[in-house]
Each structure stands twice: as C-alpha cells, then as structure tokens.
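1. model the structure of this input:
(4 chains)
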There are 2 protein chains.
Amino acid sequence: MKTLSRQQALPSRTAAPTAAATAILDVAERLAQTRGYNGFSYADIAAELGVTKASLHYHFPSKAELGRSLIERYHGLFGTALDAIDRRTNSPQEKLKQYVGLYDSVLSNERMCLCGMLAAEYATLPAPMQAGLTRFFDANEHWLTAVLEDGLRSGTFSFKEAAKERARVLLGALEGAMLVARSYGNARRFQTAAAFVLSDLDAAAHPRRRRTPAAAAARRT
Amino acid sequence: MKTLSRQQALPSRTAAPTAAATAILDVAERLAQTRGYNGFSYADIAAELGVTKASLHYHFPSKAELGRSLIERYHGLFGTALDAIDRRTNSPQEKLKQYVGLYDSVLSNERMCLCGMLAAEYATLPAPMQAGLTRFFDANEHWLTAVLEDGLRSGTFSFKEAAKERARVLLGALEGAMLVARSYGNARRFQTAAAFVLSDLDAAAHPRRRRTPAAAAARRT
DNA sequence: GGTAGTTTACTTACTAGTAGGTTAATATCA
DNA sequence: TGATATTAACCTACTAGTAAGTAAACTACC
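-> Residues are numbered from 1 along each chain as shown, chains lettered A, B, ... in the order given. Below you'll find the predicted structure:
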C-alpha cells in the first residue's frame, strides 16, 4: 500500500486539506458525479488509490462526513469560478455563456453536476448533505438572479417574471438538460439545449416583450 | 406471510401481469422514484408487502429484470396518458399544460419522474434499463415535437429553432425543474418554473419572432 | 544533540449487517 | 395431479465501520 501524503509542515490555522484528503475527495467526487452517492463505496475509492478502507476512515470517519466535505468543496470551487466570471466580464450575456461553460466542462468529462446528481438521491442523503445541497442551489440562484437583473436593467435581456423566478428556470433547465444529455452520452445535446435556453433571454429576439425599457428605446433607433 | 395474488384466470395471450407482480412493481416504482434504483433493495419491497425476498425472485428473477419491467410499465402508462391528452384536446397549448400536469401529479406525490431519476444513475444501470430509458425520452421528445410543430403551424407558439430541439429543451427543463424542486420539498417551485417555460413558447408574448434557422445559428456563435 | 513522548498516517484483522440470489420443500388451487 | 405461488434456510459478496497495532516523523526538554 502506497502512501498518499508525505505532508510538509503547513502552518494550517484551520483544517487545511492534506494531500491525502484531497486525493480521496478527487476520486470520491468523480465517482459521485458518475455513479451517484449510493453508487460507490469506500472499497471503490480505496482500490483506486491503492490504500485500505481503514485509511479512508482515518481521513473521513464516515461516508456521511465524506459526502458533506464533497459538497462543501464543490460549492467552494463553484463559488470561486463564479467570482472569476464576474472578474472576467461585465456583460450579463457573456457571464451566462461562461456559466453554461462551467456545466459543459463537467459534462464533457462524462460527469453530471455533483449537486444535480445528489438531488436525485436527496431522500436517501444524511441531513448535513441535504442542507449543503440546497445551500448550493441557493447560491447559484442568487448569482444568476443578479446577472439577470443586470441584463434586464441594461436592456440585454427580456423576460416578464421576476429575475429570481427566471434564475430558477435557468438552473433547472441546465441541470435537466445535463441529466438527459448524459444518458445519450452526448454533450452536443446539452450545448444545443443550453444555447436555446440562453437565447430565450435575448431582448433582441422579442422586441415587444414587456419589462425592457431600454430595449424599447433601442428598437426606435 | 400473506399471499400477494389470488389470481383469477386471465386469458393472457402475452405475459399478463399477475396481481402479485403488479403489487411488487407498485412498491418498487415508488421506492425507485423516491430513493433511486440503487437506493432500495428486495428486502425493502418484501418487508413492505409482508412476503419473503425469495417470493419476489419468483416473479422477477433479478433486480435488473425488475428494473426493466419498471421502465416498460412506466413507459406504457405514460404513453396511454399522452394518448388521453390527444383525445381530450386539440389545442397545443392545452396539451402542453396537461403534459406538465402529468409531471406535477408525480411530484405532488413526493416522487421524481422515474426516468429522470434513473437518468442520474444511468452509468450504474444494466444495459436493458439504459436502453429503456432512452426509448422513454425519445418517445417524449417525439410527442412534444408533434405538439410544438402543430402549435407553430397554427401560430399559437413561436420559437426559432427546430421543433425537435425545442422539445428537448422542454423535456430537460421539466425534468430539471422537478429534480431541484423536490430537494426543496416544494411542488409550487416546479409549477411556477413550468408555467414560465410554457409561456416562453407563446407567440403572443413575442409577436415578431421568426423561425429562421440562420438567425438561430448566428446567435449561437 | 540525543532521547523520550507524541502525533500522523497508515496497516491488518475484524465486526455486524445487508446486498442480490439460490435451492429444496411445501402449500394452494384448478 | 400438475401448475402456480410461496416459504425457510441458506450462500457469497459486499457494505460501512471499528479495534489494535506500527513505523516514521515531529516536538520538547535536558
């Protein structure tokens, strides 16, 4: 059995993830995204890493704790990616495009969004994982709502319901498109659907729709 | 242990489902829709029905066979429901509303669409179940495409991409909305999202939109 | 700087419980 | 009597999780 981590002395004020813990999370994440939380075991991870199950229990006492960590890390990384998008561009249209790109890169690795996957297994998950899941969706909804409101203000987007409702439609549509496309092993299928979902927001495509004051003005020019 | 079936002699040219088989499928279906295929066991079904696991194996030799039957029956029942919609109304708008109603009634029973659920577990499913799944989605897509084309012809609907593409967007959006809404235990959430997805198709909301594939392609780039 | 104590990162060997599945005997009924 | 349906009793493989031990590395102190 090889050693996962030969840990160099990090100061580590909080619980800094060790190299071993990271390696375990990496494998567990991929398995969870492809097979679901109920579709993999400690034995699967241990075999892949060439360590014992007991070693995994040293780092993550229970599978529930591993699952909780999985969501937490995923949420954190996703948040970082959203921040990066915000820094890269100010265009709401471009932001959404890059948001879709996040999903697309996951699917192109033959994976499903971790939280979309876990949402299916929701009823079987330990409470901390359930709470982590809805926090993740809430954060997505929050970010999308801001982008949509921005696009509405600037006349780029057009939709009649509240931005929060539109954000929910968007989130669900992307998760669902991903879910179905993966059954066909066809990332193109997702890309096409996602493009149409985004183009539904275009103010230019339906100029007489309400709640776009700027769009109405632009039309006259 | 009680008896599941006191079978009255059905002529049964094909394999007519016995009362016992039906009872087993009913329980298995509910478990699959709430917990997923990997989230229930023969022991769960047996306990609920008050029979032994061996008895279940008599009716469904393997879990794979049970799963396959589950999809087949679900697909058949869904097809019947779609036929019923076609008989009840000719209005494409009303048809879609009733189609959404089908999903809604599933979710209101705290269930997820069986095939949406299984789509998440796709990678872990036996091949016959995988094939059954895509057949189900194909059938949905086919029915939706016909309704959308009809609505487009009659001027009720407006969308720029091919009806088949729109059908895929619709299917994914509904499955995804359902998936997320269930994590919040909130059927309203689904209803609201579904209503907006349908209203996106309304020709009245964006009268100048055109079905120009060239425009759609340009927007994608 | 050497050594005692402590911590980290594992190991082997095990538990109790559950998974899907089998077999042979038996009950039920037409 | 023969087919249908069901049971008890089992099997093997695997599940998450635990107990006890160990080698190496780090820390404290004289």
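2. in chain A, where is pLDDT below threshold?
-> For chain A, the stretches with pLDDT under 70 are A:1-16, A:206-221.
3. and the gap between A:Q98 and DNA strand C?
-> Using Cβ to the nearest atom of the strand, to the nearest Å, we find A:Q98 at a distance of 36 Å from DNA strand C. C-beta: built from backbone N, CA, C; applies to glycine.
4. which element is that residue on?
-> Remark: A:Q98 resides in helix A:92-108, with elements defined by DSSP states H and E.
5. now for the residue in chain A positioned nearest to chain B: which residues touch it?
-> Closest contact between chain A and chain B, by Cβ to the nearest Cβ, is at A:G176 (2.2 Å). Going by Cβ atoms under 8 Å, 6 or more residues apart in numbering or on different chains, A:G176 touches B:116, B:171-179.
6. please, which helix or strand holds it?
-> Secondary structure (DSSP H and E) places A:G176 in helix A:163-183.
7. elements contacting the following helix or strand past that helix?
-> Remark: after helix A:163-183, the chain's next helix or strand is helix A:187-199, criterion DSSP H and E. When contacts are defined as 3 or more Cβ pairs under 8 Å, 6 or more residues apart in numbering or on different chains; DSSP states H and E, helix A:187-199 sits against helix A:92-108, helix A:163-183, helix B:163-183, helix B:213-220.
8. buried ones in helix A:187-199?
-> For helix A:187-199, burial by neighbour count (16 or more other Cβ atoms under 10 Å in any protein chain shown) applies to A:187, A:189-199.
9. would you mind measuring from A:N140 to DNA strand C?
-> With distances taken as Cβ to the nearest atom of the strand, A:N140 is found 33 Å from DNA strand C.
10. nearest residue to that residue in space, please, no chain neighbours.
-> Nearest residue to A:N140 in three dimensions, chain neighbours excluded: A:L171, at 5.4 Å (Cβ to Cβ, 6 or more residues apart in numbering or on different chains).
11. what does A:W143 give?
-> Distances taken as Cβ to Cβ, 6+ apart put A:L82 closest to A:W143, at 5.1 Å, once the chain neighbours are dropped.
12. how about A:R73?
-> A:L25 is the one closest to A:R73 (Cβ to Cβ, 6+ apart), at 5.9 Å.
13. what angle do helix A:92-108 and the host helix or strand of A:A146 make with each other?
-> Assigned by DSSP H and E, A:A146 belongs to helix A:127-153. Between helix A:127-153 and helix A:92-108, the angle comes out at 150 degrees (axes from the mean of the first three to the mean of the last three Cα atoms, to 10 degrees).
14. distance check, A:E165 against A:F159.
-> According to Cβ to Cβ, to the nearest Å, A:E165 and A:F159 sit 9 Å apart.
15. which of these two has more neighbours?
-> The neighbour count for A:E165 versus A:F159, taken as other Cβ atoms under 10 Å in any protein chain shown, is higher for A:F159 (25 against 19).
16. and the contacts of A:G176 as CSV, adding distance to B:A54?
-> Shown next, in CSV, are the contacts of A:G176 (distance: Cβ to Cβ, whole Å):
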residue, distance to B:A54
B:G116, 32
B:L171, 39
B:G172, 41
B:A173, 43
B:L174, 40
B:E175, 36
B:G176, 40
B:A177, 41
B:M178, 36
B:L179, 35
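17. quick one: contacts for A:E165?
-> Residues counted as contacts of A:E165 (Cβ under 8 Å, 6+ apart) are B:192-193, B:196.
18. what residue is smack in the middle of chain A?
-> Chain A has A:C113 as the residue nearest its centroid, 5.4 Å off, counting by Cα atoms, centre = their mean.
19. enumerate the residues of chain A near DNA strand D.
-> Neighbours of DNA strand D within chain A, by Cβ under 7 Å from any atom of the strand: A:6, A:8-9, A:40-44, A:53-54, A:57, A:61-64.
20. which one of the residues in chain A is closest to DNA strand D?
-> Going by Cβ to the nearest atom of the strand, DNA strand D is nearest to A:S41 of chain A, at 3.0 Å.
21. tell me, how many residues neighbour that residue?
-> By other Cβ under 10 Å, 13 other residues sit near A:S41.
22. list of residues touching the helix or strand where the residue nearest to A:R73 lies?
-> Assigned by DSSP H and E, A:L25 belongs to helix A:19-35. With Cβ under 8 Å, 6+ apart as the test, helix A:19-35 has contacts from A:4-7, A:17, A:39-40, A:44-45, A:48-49, A:55-56, A:59-60, A:66-67, A:69-70, A:73-74, A:106, A:110-114, A:117-118, B:121, B:123-124.
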